[in-house]
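Participant: fold the following for me, if possible:
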Amino acid sequence: MCGYSLIELTIVVGLIATLSAITAPPLLTNLDDFRTAGAARHLSARLQAARMEAVLRSADVALRFTATPGGYTYAVFQDGNGNGVRTRDIQRGADRQIQAPERLRDQFTGIDFGTLPGLPPIDPAGSPPGDDPIRLGSSDILTFSALGTSSSGSLYIRGRRTAQYAIRILGESGKTRLLKFDSNARQWKPL
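Facilitator: Just a heads-up that it's a prediction; the model follows:
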């Protein structure tokens with residue numbers, strides 16, 4: 001008679017359950033980190049595309065970040081009156097929207113702009129982000145000029161678990177730099 005006894009099947013099922021319980025949390029943490037890194041790279045590419053739009057159009061092009069109940073949105077605007085992209089000019093229609101608003105969480109489920117509690121500053125002499133993931137000075141508008149320069153600041157992207165990334169925008173060059181927060185070392189590391 002071929003087959004397995006109830007005891008043998010119970011032991012195998014128990015082993016599978018134990019191995020699953022051991023491997024699932026690290027697997028989920030790695031998946032969260034992978035997805036958050038993808039979102040950070042995606043947004044960095046969107047920023048560089050806006051920079052190239054500004055150069056091609058010979059006009060200021062900006063991303064405006066807006067907090068909504070469903071998460072942050074960002075939309076791309078072009079300066080229409082030569083004084084830079086401003087909230088007041090957007091409201092009046094002088095600075096027009098040139099791309100539809102987007103949300104990170106629409107493309108990367110569970111990922112959005114945010115910060116881990118107690119997150120240290122990127123630069124040792126800088127100030128910590130607190131609970132403001134859009135750090136662009138006193139504005140939530142990131143502007144790129146026709147020369148390829150930009151306003152400067154940092155955008156913080158958080159995953160569902162402990163994944164934390166930041167995009168630094170370097171004003172003089174308009175380029176971006178991706179950083180990952182290492183929670184074990186409690187420090188930011190470049191990608």
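Participant: and residue 77, how far from residue 53?
Facilitator: As judged by C-beta to C-beta, to the nearest Å, residue 77 and residue 53 stand 10 Å apart. Where C-beta positions appear, they are placed from N, C-alpha and C, glycine not excepted.
Participant: between those two, who's got more neighbours?
Facilitator: Here residue 77 and residue 53 are compared on neighbour count by other C-beta atoms under 10 Å; more neighbours surround residue 77, at 24 against 19.
Participant: pretty sure residue 96 sits against residue 80.
Facilitator: Yes - the criterion here is C-beta atoms under 8 Å, and residue 96 meets it with residue 80 at 5.7 Å.
Participant: more neighbours: those two, which one.
Facilitator: residue 80 (16 against 12).
Participant: thought that one was touching residue 94?
Facilitator: Yes - because the distance of 4.6 Å satisfies C-beta under 8 Å, residue 80 is recorded as touching residue 94.
Participant: any idea what the residue nearest to the spatial centre of the chain is bridged to?
Facilitator: For the chain, residue 157 is the residue whose C-alpha lies nearest the centre (C-alpha atoms, centre = their mean; 3.4 Å). According to DSSP bridges, the residues that bridge with residue 157 are residue 113, residue 165.
Participant: so it versus residue 186, what's the distance?
Facilitator: Taking C-beta to C-beta as the criterion, residue 157 is separated from residue 186 by 18 Å.
Participant: show me where this structure has its strands.
Facilitator: When assigned using DSSP state E, the strands of the chain occupy the ranges 61-68, 71-78, 96-102, 112-113, 134-135, 141-144, 153-158, 164-170, 175-182, 187-190.
Participant: show me what the fifth one is packed up against.
Facilitator: In this case it means strand 134-135. Based on contacts counted as 3 or more C-beta pairs under 8 Å, 6 or more residues apart in numbering; DSSP states H and E, the elements that strand 134-135 packs against are strand 153-158.
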